[in-house]
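*Asks:* What follows is a predicted structure for the sequence shown.
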Amino acid sequence: MNGTGQQPELSSVVSAKGLDLTFQTNDGPVHALKDVNLEINKGDFVSFIGPSGCGKTTFLRCIAALETPTGGSLTVNGMTPDEARRKRAYGYVFQAAGLYPWRTIAKNIKLPLEIMGYSRQEQDERVRKVLELVDLAGFGGKFPWQLSGGMQQRASIARALAFDADILLMDEPFGALDEIVRDHLNEQLLALWARTGKTIGFVTHSIPEAVYLSTRIVVMSPRPGRITDVIESPLPKERPLDIRDSAEFIEVAHRVREGLRAGHADE
Amino acid sequence: MQNFAQEMQTAFALILTGDSELLGIVGLSLWVSLLAVLFAALIGMPLGAALAVGRFPGRRALVVLVNALMGLPPVVVGLLVYLMLSRSGPLGVLQLLYTPTAMIIAQVALVTPIIAALTRQVIEMLDAEYAEQMRSLGLSRLATVPVLLWDGRVALLTALLAGFGRAIAEVGAVIIVGGNINHVTRVMTTTIALETSKGNLALALALGTVLIAIAVTVNAMVSLLGQQSEAQDEVRHA
């Protein structure tokens, strides 16, 4: 598919070419995305970073077929985003944990499984497995309000993992959490990514978070929402938390910051 | 009112001995109101769900209309149903006036807007929370309806209860279309109205007591049901 011949393993999961999305509002058209070109390959961990209104969440929502682009082409697993959505190609973790208060954690995770018609036994088995994966074993019987914010967000990740989608799309999942909890969850997310080999699209406001997690960092800027820089991370796949003090890390963070600043200066 | 205690005593005697007239009236009341709620649910729930999830022109206006119809004055509904069913009315040939069926029709007209409006509220609230989640799970909008109805079942049961409460306690419509005929269309509320005006307070009080007991019991059942289903979940996943 990529024709370079050097890395035949590389297969494109998400492919955006000249993607445009214009919202018609009462105050006139808003260019949420303009000429966005991006390839996400299998097993990538791609972060989208930029100020509010840069279209990072909108782009993620386009991949998930929650928004419809007004121009350009976008494929997910070689299909249209909506076909991919109906084939359950991705799990989506929303900004708020979005757990239903009248269902227990286990029942929340089961919701997609119930809809997809898994047997009761299979449901229980999968719930047990994903709860272990996010370090919440034993909490299945609790209601969301009995859990801390970080635990709720982990439960929401577990729900997105429960049905074996190869793509995990995460929209600022840790945005509302404090620094310490966030560090811990970032570490766990990397471990989970290493174990499952999923392709992850991750929207964030935080430079350290983007640099720590990603194999590739997509820097975006607003009005119109567009990509200003794509940074391939030189960091190794194994990443202890203290890698954030290394020279390489600081260099990448610096480049991201420069990219964000350049985007601002354009206005 | 000096003999209130005495009347009360007679009333309880009627209930405790299972007076056949009393039982007949209570039975007819329950039968009419339960059937009315059943039919109203069959119409009102799909209508409410469609209003909540559907996107079609005129939807907002329909929502306002259904909400407004919740406040229908029973006497006027009785009058309209009377006109429809009376000998010279469009449905006169069916000869339904002064039958339990006529009372059911009137109550369906009163209860359907309540169930439809409450169902819409419940489903719309759930939909606002679930919609994107459902979509991200690959569901079409229509396919989300059964999931939403099932997840909102306790709240929907409350809607049915509200409808039942309106039906069983309603007097204006059923007295007009039913005619309050002894052993045929005499229900609890119409009997209470009649017997009170006749001064037969014992039967009125007895029926009033039963009516209150029914209302309280049904409410308690629903609230217990809600608690129990939550407790079951807790046990199953502990």
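*Replies:* Nice, I can see it. This one's a predicted model, so the numbers in the text were calculated from it and none came from an experiment.

*Asks:* hey, let's count contacts and neighbours off CA atoms from now on
*Replies:* Noted.

*Asks:* outside of stretch A:21-33, which residues touch it?
*Replies:* Outside stretch A:21-33, the residues that touch it by CA atoms under 8 Å, 6 or more residues apart in numbering or on different chains are A:19-20, A:34, A:53-55, A:58-59, A:68-71, A:222-226.

*Asks:* Which ones among the residues you listed lie within strands?
*Replies:* Among these, the members found in strands (DSSP state E) are A:L19, A:D20, A:K34, A:G71, A:R226.

*Asks:* ok, which residues in chain A are in contact with chain B?
*Replies:* A:64-66, A:85-88, A:90-92, A:98, A:102-104, A:106-107, A:112, A:115, A:138-142 (CA under 8 Å from any CA of the partner chain).

*Asks:* which residues in chain B form helices?
*Replies:* Secondary structure of chain B, counting by DSSP state H: helices at B:4-16, B:20-53, B:59-69, B:74-85, B:100-136, B:141-151, B:153-169, B:172-178, B:188-198, B:201-236.

*Asks:* just to revisit the earlier point, now the ones in strands among the contacts of stretch A:21-33: which count as buried?
*Replies:* Buried by 16 or more other CA atoms under 10 Å in any protein chain shown: A:L19, A:D20, A:K34, A:R226, out of those.

*Asks:* Quick check: buried residues in stretch A:82-93?
*Replies:* A:D82, A:E83, A:A84, A:R85, A:R86, A:R88, A:A89, A:Y90, A:G91, A:Y92, A:V93.

*Asks:* and if you look at stretch A:96-104?
*Replies:* Across stretch A:96-104, burial judged by 16+ other CA under 10 Å covers A:A96, A:A97, A:G98, A:L99, A:Y100, A:W102, A:R103, A:T104.

*Asks:* mind checking pLDDT for the fourth one?
*Replies:* By that I understand A:L99. We have a pLDDT of 87 for A:L99.

*Asks:* so what's the backbone phi/psi at it?
*Replies:* phi -90, psi 150 (degrees, to the nearest 10).

*Asks:* neighbours around residue 201, how many?
*Replies:* Going with chain A. For A:G201, the neighbour count with other CA atoms under 10 Å in any protein chain shown is 22.

*Asks:* ah, I was thinking of chain B
*Replies:* For B:L201, the neighbour count with other CA under 10 Å is 20.

*Asks:* hang on, isn't it packed against B:E195?
*Replies:* Yes: with contact defined as CA atoms under 8 Å, B:L201 reaches B:E195; the gap is 6.5 Å.

*Asks:* where exactly do the helices run in the stretch 151-267 of chain A?
*Replies:* Assigned by DSSP state H, counting those that start in this stretch, the stretch 151-267 of chain A shows helices spanning A:179-196, A:207-213, A:247-265.

*Asks:* Buried residues of the first one, list them for me.
*Replies:* Going back to what we said before, that points to helix A:179-196. By neighbour count on 16+ other CA under 10 Å, the buried set for helix A:179-196 is A:R182, A:D183, A:L185, A:N186, A:E187, A:Q188, A:L189, A:L190, A:A191, A:W193.

*Asks:* Touching stretch B:106-114 from outside, list them.
*Replies:* With contact meaning CA under 8 Å, 6+ apart, stretch B:106-114 is reached by B:33, B:36-37, B:39-41, B:43-44, B:66-67, B:69-70, B:72, B:74, B:77-78, B:81, B:159, B:162-164, B:166-167, B:173-174, B:177.

*Asks:* Provide a PyMOL selection command restricted to the buried entries of the residues you listed.
*Replies:* A single PyMOL command suffices to select whichever of these are buried according to 16+ other CA under 10 Å:
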select buried, chain B and resi 33+36+37+39+40+41+43+44+66+67+69+70+74+77+78+81+159+162+163+164+166+167+173+174+177
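
*Asks:* residues contacting B:G199?
*Replies:* Counting by CA under 8 Å, 6+ apart, B:G199 touches no other residue.

*Asks:* Now do the closest residue to B:E7 other than its chain neighbours against A:W193, distance only.
*Replies:* Excluding its sequence neighbours, the residue lying closest to B:E7 (CA to CA, 6 or more residues apart in numbering or on different chains) is B:A202, at 4.9 Å. Computed as CA to CA, to the nearest Å, the B:A202 to A:W193 distance reads 76 Å.

*Asks:* Now do stretch A:101-109: distance from first to last residue.
*Replies:* 12 Å.

*Asks:* circling back to that earlier point, go through the helices of the stretch 151-267 of chain A and name the closest to B:L91.
*Replies:* Smallest distance to B:L91 across these (CA to CA): 68.2 Å, for helix A:179-196.

*Asks:* any residues touching the closest one, and which ones?
*Replies:* In contact with helix A:179-196 (CA under 8 Å, 6+ apart) are residues A:L133, A:V134, A:G150, A:R154, A:F174, A:I200, A:E209, A:L213, A:P240, A:L241.

*Asks:* How many residues are close by the fourth one?
*Replies:* Same thing as A:R154. Look at A:R154: counted by other CA under 10 Å, it has 25 neighbours.

*Asks:* One more: the fifth one?
*Replies:* One way to gauge burial is a neighbour count; for A:F174, by other CA under 10 Å, it gives 27.

*Asks:* Might one say that it is in contact with A:Q153?
*Replies:* Yes: between A:F174 and A:Q153 there is a contact under CA under 8 Å: 7.3 Å.
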